[in-house]
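Participant: Fold the following and give me the result.
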Amino acid sequence: MTPRARALLLNGATTWRTRAEPAVELRELVMSDGPAGVRGEAWDERSTSLLLPSASALAATWDEALVEDLGGLLAAEARRKGVDVLLAPTLNLHRSPLGGRHFECLSEDPELTGRIGAALVRGIQAHGVAATAKHYVANDSETDRLTVDVRVGERALREVYLAPFEAAVAAGVRLVMAGYNAVNGTTMTANALLTDPLKSEWGFDGVVVSDWGAVRGTTGTARAGLDLAMPGPDGPWG
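Facilitator: Numbers count the residues shown, from 1 in each chain. Presented below is the predicted three-dimensional model:
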């Protein structure tokens, strides 16, 4: 493959699809939201989806076996809709009453979030669909969600915010999504946390994908360890 062809693989082909590369027999992959059901590629009320209870309700059961079964149900829906990658679970924490996406987060507790999130990952991936742990990391506020800089100390970062993602990696999650926010001064799609601890210490060997539109440059994201910028075909890597 030429350098240009390799570089193009770093960017999505469409809003929900990765690029195919016939030269190496690589097909495109289809991605879809979400944590409570599989929407598919279109916003179309005629294409219905099975809807699970909110993620917060799932975590409130404290029932890992049940959640693993529900992950299998999401995987079946994904396969029905031709989806390869489900953008779930959301492993951010209930840290502020102003967090408008709390319904898709599991809980305020990192241990519970990690265990239930890992169960959902196992259930989804047992049926040939890839799960995505999101939004890495400390993406817990909707206020200034594209630009907020979360200042957090090493101990809190490790014991609270990173812990659920470490559990998901241990469960074999195939993708991790980098969030819009910055942590300690650096936007997450170009943050050293993508390499350490994610890829080095934890041994994550899957795909680090950006949240949609979260990539702001090329060199910084490449050096930090981002693998795929979404969506495409436009954007910094387009």
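
Participant: helix, strand or coil for Ala119?
Facilitator: helix (DSSP: H, G, I helix; E, B strand; the rest coil).

Participant: count of neighbours near it?
Facilitator: 24 (other CB atoms under 10 Å). C-beta coordinates here come from the backbone N, C-alpha and C atoms, glycine included.

Participant: max-length strand in the chain?
Facilitator: Secondary structure of the chain per DSSP state E: the longest strand is strand 130-136.

Participant: Just the CA coordinates for that one, please, in PDB.
Facilitator: Output of strand 130-136 as PDB, limited to C-alpha atoms (Å, rounded to 0.1, in the frame of the first residue of the first chain):
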ATOM      1  CA  ALA A 130     -17.400  -5.300  18.400                       C
ATOM      2  CA  ALA A 131     -18.100  -3.200  21.500                       C
ATOM      3  CA  THR A 132     -16.700   0.300  22.100                       C
ATOM      4  CA  ALA A 133     -15.800   1.700  25.500                       C
ATOM      5  CA  LYS A 134     -16.600   5.400  25.600                       C
ATOM      6  CA  HIS A 135     -15.800   8.300  26.100                       C
ATOM      7  CA  TYR A 136     -12.200   8.000  27.300                       C
END
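
Participant: Give me the helices and strands touching it, please.
Facilitator: Other elements packing on strand 130-136 under the criterion 3 or more CB pairs under 8 Å, 6 or more residues apart in numbering; DSSP states H and E are strand 85-86, helix 110-125, helix 163-170, strand 175-178.

Participant: same thing but at 10 Å, please
Facilitator: helix 64-80, strand 85-86, helix 110-125, helix 163-170, strand 175-178, strand 207-210 (3 or more CB pairs under 10 Å, 6 or more residues apart in numbering; DSSP states H and E).

Participant: quick one: buried residues of stretch 74-90?
Facilitator: The neighbour-count check on stretch 74-90 (16 or more other CB atoms under 10 Å) flags 74-75, 77-78, 81, 83-90 as buried.

Participant: Compute the inter-axis angle for the longest strand of the chain and helix 163-170.
Facilitator: Orientation check (axes from the mean of the first three to the mean of the last three CA atoms, to 10 degrees): strand 130-136 against helix 163-170 gives 160 degrees.
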